[in-house]
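Peer 1: model this:
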Amino acid sequence: MKLTIMQIHLTAFAKNFPFLSASLSLRQLKLFLCLIVIGAGFCWPLFSAQANGLSGLEPAVTRSQQIPVATNPAEVIPGLNKSPFTLAQQIGLSGSQFAEFLTALDSAKPLTAKRGESLSDMLQRVGVDRSTSRELVSSISKSYNVKNLRAGQQVHLLMTPSAGPNKGNFMGLLIPASLERNVMVVRQPDEQFQVLDLKRPVSRNLRLATITINDSLYEDGAEAKVPANILNELVKTLSYDIDFQRDIHEGDRFDLLYEEQVNDEGRLVRNGGLQYVSYTIDGETKRVYRFNDGDRAEFYLENGEALRRSLMRTPIDGARLSSGYGMRFHPVLGYSRMHRGVDFAAPVGTPIYAAGDGTVAYAGRFSGYGNYVKIKHDNNYQTAYGHMKGFANNIRVGAKVRQGQVIGYVGRTGIATGPHLHYEIYVKNEQVNPLSVKAVGNAKLSGNKLTLFRGQQKDLTRTLAELKKLPGQRLALAK
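Peer 2: Numbering: from 1, shown residues only. Model (predicted):
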């Protein structure tokens, strides 16, 4: 036979209190037990308050209590990821002050900066007196430069709602200082302002983007919402294999996998580096994978051969090939002569990179070349760079340079009609066409490194397959 919960409790009660159960009927026992339960529920809050040293007339605001005003402040103030309890503990609030703080958080109002308006002006506009606003600005200055506040930017006011929007008890404010941090200023019980620096959580995603060439890599990349720094890295990475001035045509395709970091609102904070590129040029597809061999991170083809060559074919980003190698009519001298290099037109100040590892053999003014750098590389190769605006730091004779290191900036020094880089390659001291040189010295993975590369290659292939199924082709990475 099944027993009801009441019968189980009555049986236990009868065993523990036999003197009462003997004198009371079953109905009276039920009534007696109900009175005990009701009485305990009524008295327990008072006993609990006494145990915490508090009177029943002013209950403490503790983590365990459900406070109706504290719904979800993060929905009111974007980027507020800390618990209200944690914030109140840092500020030193308790009791009714804590309740007011939660109310202010829950009803925080955005205030938008007007043109030419300072933070102090904004506060006074909504009724905060001048001395209070100046005191707050002074308190926050060590954590946030108030001069960075721009027209259209929002701050979030913390005010008790009972006082109305333009007067009453001002408790503080929160400023989104950047995509990664907020700054909160709150009035303490002693009327002083305390500043809290609140870091916003940043998560990492992998994004797979596709660029199909219709106009140019940079225009089509921007349309595909690929950031400029990722496009620059793409050009620098593939410039060992592709001449971006001559090899790219309409219909060619690039699939890029790169890391992006976003805050709790999903806004982009920064981009990580490229992890993988698949590129189809004139119908031929190649795939390259980023792999750290222990010395440096490099891109390798599917067979484990390094994409990086001993020399870059294009030691400059985003430039236009303006003059090729060979005989030409010189636009300044007015007669035909051999042009023993190639010219890349680019804006003044565009960075120029060392085409390969080597030692600076010359750095200074040189005849019609203007500001000129010559680098000696291994395997009887040398490269030269002319018409520079100036040199990068520490570029001097004898200095060691790494491939891709900035050595100078585009200018128009020497005999030049406009800003451009004149680029030359020497093989065994003979000038050759830079665009026809097949650079040598490709490294290839072997042994344990090749095994590790193969394992990462398989993992990445699975990741790519998963990404292609996801909306937006984004995959969150583990923290």
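Peer 1: burial count for N393?
Peer 2: Per other CB atoms under 10 Å, the neighbour tally for N393 reads 7. Heads up, the C-betas are built off the backbone N, CA and C, glycines and all.
Peer 1: ok, V288 next?
Peer 2: Neighbours of V288 (other CB under 10 Å): 22.
Peer 1: can you verify it is assigned to a strand?
Peer 2: Yes. Per DSSP: H, G, I helix; E, B strand; the rest coil, V288 lies within a strand segment.
Peer 1: once you drop chain neighbours, what's closest to it?
Peer 2: Distances taken as CB to CB, 6 or more residues apart in numbering place F299 nearest to V288, at 4.3 Å, with adjacent residues excluded.
Peer 1: do the same with A297
Peer 2: R290 (5.8 Å).
Peer 1: show the pLDDT at that neighbour.
Peer 2: R290 carries a pLDDT value of 94.
Peer 1: specify the beta-bridge partners of it.
Peer 2: F299 (DSSP bridges).
Peer 1: cool, M388 as well?
Peer 2: N371, V410.
Peer 1: would you list every one of the helices in the stretch 51-200 of the chain?
Peer 2: Listed in chain order, the helices of the stretch 51-200 of the chain (DSSP state H, counting those that start in this stretch) span residues 73-76, 84-91, 95-106, 119-125, 130-140.
Peer 1: quick one, domains of this protein?
Peer 2: What the record gives for the chain is the domain set 5-51, 73-199, 202-308+442-479, 320-432, from automatic domain parsing.
Peer 1: dump the ones you listed to JSON lines, plus distance to T314.
Peer 2: Formatted as JSON lines, those follow (distance: least, CB to CB, whole Å):
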{"stretch": "domain 5-51", "distance to T314": "75"}
{"stretch": "domain 73-199", "distance to T314": "33"}
{"stretch": "domain 202-308+442-479", "distance to T314": "5"}
{"stretch": "domain 320-432", "distance to T314": "7"}
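Peer 1: lowest average pLDDT across these?
Peer 2: Least confidently modelled of these is domain 5-51, at a mean of 47 by mean pLDDT.
Peer 1: you'd agree the residue nearest to A297 is up against A306?
Peer 2: No. Using CB atoms under 8 Å, R290 is not in contact with A306, being 11.5 Å away.
Peer 1: for these two, list the residues in contact with both.
Peer 2: 298-299 (CB atoms under 8 Å, 6 or more residues apart in numbering).
Peer 1: now the residue nearest to A297: how far from K147?
Peer 2: Using CB to CB, to the nearest Å, we find R290 at a distance of 40 Å from K147.
Peer 1: next one: E424
Peer 2: From E424 across to K147, the span is 48 Å (CB to CB).
Peer 1: comparing these two, which residue is more hemmed in?
Peer 2: Taking neighbours as other CB under 10 Å, E424 and K147 compare with E424 leading, 21 against 9.
Peer 1: surely that one and N433 touch.
Peer 2: No. Counting by CB under 8 Å, E424 sits too far from N433 to count as a contact (9.7 Å).
Peer 1: shared neighbours, these two?
Peer 2: By CB under 8 Å, 6+ apart, no residue touches both E424 and N433.
Peer 1: what's the burial count for R267?
Peer 2: R267 has 11 neighbouring residues, counting by other CB under 10 Å.
Peer 1: quick check: closest non-adjacent residue to it.
Peer 2: L179 (5.7 Å).
Peer 1: got the contact list for the one you found?
Peer 2: Listed by CB under 8 Å, 6+ apart, the contact partners of L179 are 200, 263, 267-269.
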